[in-house]
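[1] when you get a sec, could you give me coordinates for this:
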Amino acid sequence: MSNADQLKKAAAEAALQYVEDDMIVGVGTGSTANHFIDLLAGMKARIEGTVASSEVSAERLRKHGIPVMDLNSAGQLPLYVDGADEATEHLHLIKGGGGALTREKIVAAASEKFVCIADESKLVGMLGAFPLPVEVIPMARSFVAREILKMGGQPELRQGFTTDNGNLILDIHNLHIANPVELEGQLNQIAGVVTVGIFARRPADVLILSGKDGVRTLR
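    Numbers count the residues shown, from 1 in each chain. A predicted model of the protein is given here:
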């Protein structure tokens with residue numbers, strides 16, 4: 001296992017302490033979330049089931065024999081565990097590098113506690129070095145891109161990619177996100193935008209960061 005993978009696994013391992021008996025656990029998408037899924041398999045008898053933020057994660061959970069439930073029937077979730085592409089000390093995040101941002105945002109919103117797991121390289125002073133994913137309705141792609149250009153961002157269509165919802169992703173370069181809460185609201189107001197990959201209006205409650213000196217937790 002590479003050093004980066006070991007750090008991701010260490011962060012995922014630390015999140016297990018938040019899993020309680022008979023819980024329905026919201027599970028995210030991506031390489032760090034995959035480590036969490038694999039570790040969760042060791043305690044699958046203790047939990048009631050999971051809600052997945054993507055088809056890929058749902059498939060991985062089912063391969064482990066972990067029940068996957070529909071969010072509509074699961075209701076309010078006590079816990080959601082997922083990774084991030086960038087995180088600040090205010091627990092604001094950029095997510096959506098894997099393209100699952102809309103479902104991730106829905107599951108996060110429906111959860112009482114959002115535990116974000118990452119290696120310490122994801123911690124930044126200001127969001128925006130990682131291109132910001134924006135999910136858009138296909139017919140609005142060009143319109144949304146023009147509106148974002150006016151705001152100073154450089155939108156780039158993610159080639160050959162369709163989300164689980166049948167939409168497209170614009171990755172926005174060169175945005176310095178000084179006020180994540182405000183920008184999240186502004187981008188959400190553009191007609192044709194489904195979701196923005198800024199998680200600031202509903203930030204993480206807990207950020208677990210693993211590094212060469214071990215694991216630390218920000219709340």
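[2] quick one: the spatially most central residue of the chain from Ile190, how far?
    Against the mean C-alpha coordinate of the chain, by CA atoms, centre = their mean, the closest residue is Lys95 at 4.5 Å. As defined by CB to CB, to the nearest Å, Lys95 lies at a distance of 19 Å from Ile190. Where you see a C-beta, it was placed from the backbone N, CA and C, and this is true even at glycine.
[3] so what are the domain limits for this structure?
    3-124+201-218, 132-197 (automatic domain parsing).
[4] what's the span of the longest one, first residue to last?
    So the one you mean is domain 3-124+201-218. 22 Å (CA to CA, to the nearest Å).
[5] what residues of the longest strand along the chain count as buried?
    Longest strand in the chain, counting residues (DSSP state E): strand 111-119. Buried residues in strand 111-119, counted by 16 or more other CB atoms under 10 Å: 111, 114-119.
[6] one more: stretch 82-91?
    Under 16+ other CB under 10 Å, the buried positions of stretch 82-91 are 82-88, 91.
[7] contacts for the helix or strand where Arg60 lies, please.
    Taking DSSP states H and E as the definition, one finds Arg60 inside helix 55-63. Outside helix 55-63, the residues within contact range by CB atoms under 8 Å, 6 or more residues apart in numbering are 27-29, 33-34, 37, 40, 50, 52, 67-68, 98, 100, 164.
[8] helices or strands next to the helix or strand following that helix in the packing?
    With elements assigned by DSSP H and E, the helix or strand that comes after helix 55-63 is helix 71-74. If contacts are counted by 3 or more CB pairs under 8 Å, 6 or more residues apart in numbering; DSSP states H and E, helix 71-74 sits against strand 49-52.
[9] in the sheet, which strands lie alongside the strand or helix carrying Leu79, parallel or antiparallel?
    Element membership of Leu79 [criterion: DSSP H and E] is strand 77-82. In the sheet, strand 77-82 lines up against strand 24-27 (parallel), strand 111-119 (parallel) (DSSP bridges).
[10] now, the most widely separated pair of the buried residues of stretch 82-91?
    Maximum pairwise distance in the buried residues of stretch 82-91, criterion CB to CB, is 16.1 Å, between Asp82 and Thr88.
[11] so what pLDDT did the residue lying farthest from the centre of the chain get?
    Largest separation from the mean C-alpha position in the chain: Lys150, at 26.7 Å (CA atoms, centre = their mean). We have a pLDDT of 95 for Lys150.
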